[in-house]
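Participant: Here is my input, please return the structure:
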Amino acid sequence: VPDLTSSGDESNSIAIVTGSNTGVGFETASGLAERGYHVILACRSRDKGEAAAGRINSRLESFTDDDAHHASQHFVPGGKASFLHPLNLASLPSVRSFCKVFSTKYNSLNLLVNNAGINSQGDVTEDGLEICFQSNFVGHFLLTKLLLDPLLRAKNKYQTGSNNELESGRIVNLSSVTHHFAPANERTFSTDLSKKLPLNNGIHDQHFWLGSALPGLSSGTYRESKLASILFSMELNKRYGDRGIRSIAANPGSVSSDIWRNESAFMRKVYKMVYLTPKQGSSTSLAGAIGSIPKDALYLQPYWQPNLKRQELQESQSFCQWYGLPFPMTEMLGPYVGHAIIEPRLPSDGCGGYKSSEDLWNVCEQITSPEN
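Facilitator: Residues are numbered from 1 along each chain as shown. All right, here's what the predicted structure looks like:
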């Protein structure tokens, strides 16, 4: 696994990781704390969030010098984890409340890792949205928008060869291999709500994304939320890249984590045998957060791929392998390499996905507006 190059003065750097009391989010938060960051665990439950912060801090306090060397070649003393305020992504008022509390206490935000997610579909949130799409994406959209000012005030330094590059805040949006399976011609129009929308036209446009957000209109909101995460990173880079914001989409791989808590005990045992551990799954999130990533890279995943696209990147940039668009099966299971750049499967909108990403942004602005 290539080494990561972390940002400048981590002792004053703040990171937020959503869904970080367990699984990939917990290991991501722990990895950032090991590198000297003050990591805020953004979770629904205060009790679970405070307990997770305690576990991370105890782990840091128990490190010997030898432990620290083996745990992370970039171990930086002084990192810590804390719980600030409950965050329920399935409640837009909760998202607003969290951001208000954060902004009253902190002036800047170096890293935002939008990690939290569920894979159960069909329920309706208090905001009248489909629970999976809101929890995985719409809640993160609002969270990110409300935290843009502190993200823009942050200063991150990344080593690229012999030069130091300065960025504002960095945003990591967790995606999945399932984004490959979110075509615009798959819909389940099973309720009267379908009358609000025209028949799907095979394009990932505003009608498509509204159908993902509203309940009862789609049977594929999980995979649609993971495609949305990639497009969100594209749109953030387009809108705020010239002001220093950088966003990366990261697929943790197939991970044996709490996201499978509703599966049978037998299937959870199978997943534990064949899937990555949460710590392995956190490698793409950590790379996206603190790696020196080439400017045109958008999407990371953790497996070796057979379709090498280019390999001319400098060793000091951490990423030596760049793969083309994969056969999806090789992005589900394969030889674990930690993190590698790969081409995502973007909508065929004639604009490289940017028409769809703009439509997604506009729909989310509409449905997260306080007037709605």
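
Participant: and residue 240, how many residues sit next to it?
Facilitator: Using other C-beta atoms under 10 Å, residue 240 has 18 neighbouring residues. In short, each C-beta sits where N, CA and C put it, glycine included.

Participant: State the distance from it to residue 334.
Facilitator: According to C-beta to C-beta, to the nearest Å, residue 240 stands 34 Å off from residue 334.

Participant: which residues in this structure form helices?
Facilitator: Assigned by DSSP state H, the helices in the chain fall at 23-34, 46-62, 65-71, 92-105, 131-133, 139-146, 148-153, 206-213, 221-240, 265-274, 278-281, 283-290, 354-367.

Participant: so can I have CSV of the ones you listed showing distance to residue 77 and mean pLDDT?
Facilitator: Formatted as CSV, the helices of the chain follow (distance: least, C-beta to C-beta, whole Å; pLDDT from 0 to 100):
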stretch, distance to residue 77, mean pLDDT
helix 23-34, 10, 96
helix 46-62, 8, 95
helix 65-71, 8, 53
helix 92-105, 23, 98
helix 131-133, 40, 97
helix 139-146, 30, 98
helix 148-153, 25, 97
helix 206-213, 44, 93
helix 221-240, 32, 97
helix 265-274, 33, 75
helix 278-281, 21, 94
helix 283-290, 17, 95
helix 354-367, 40, 97
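
Participant: what's the closest of those helices to residue 12?
Facilitator: helix 148-153 (12.3 Å; C-beta to C-beta).

Participant: So what pairs up with residue 18 in the strands?
Facilitator: On the basis of DSSP bridges, residue 18 is bridged to residue 42.

Participant: ok, now how distant is it from residue 25?
Facilitator: 7 Å.

Participant: what does the lengthiest strand in the chain rub up against?
Facilitator: Secondary structure of the chain per DSSP state E: the longest strand is strand 336-342. Contacts to strand 336-342, defined as C-beta atoms under 8 Å, 6 or more residues apart in numbering, come from residues 1-2, 250, 253, 276, 280, 283-284, 286-288, 291, 293-294, 297, 299-305, 319, 321-326, 331.

Participant: What are the buried residues along it?
Facilitator: Neighbour counts over strand 336-342 (16 or more other C-beta atoms under 10 Å) mark 336, 338, 339, 340, 341, 342 as buried.
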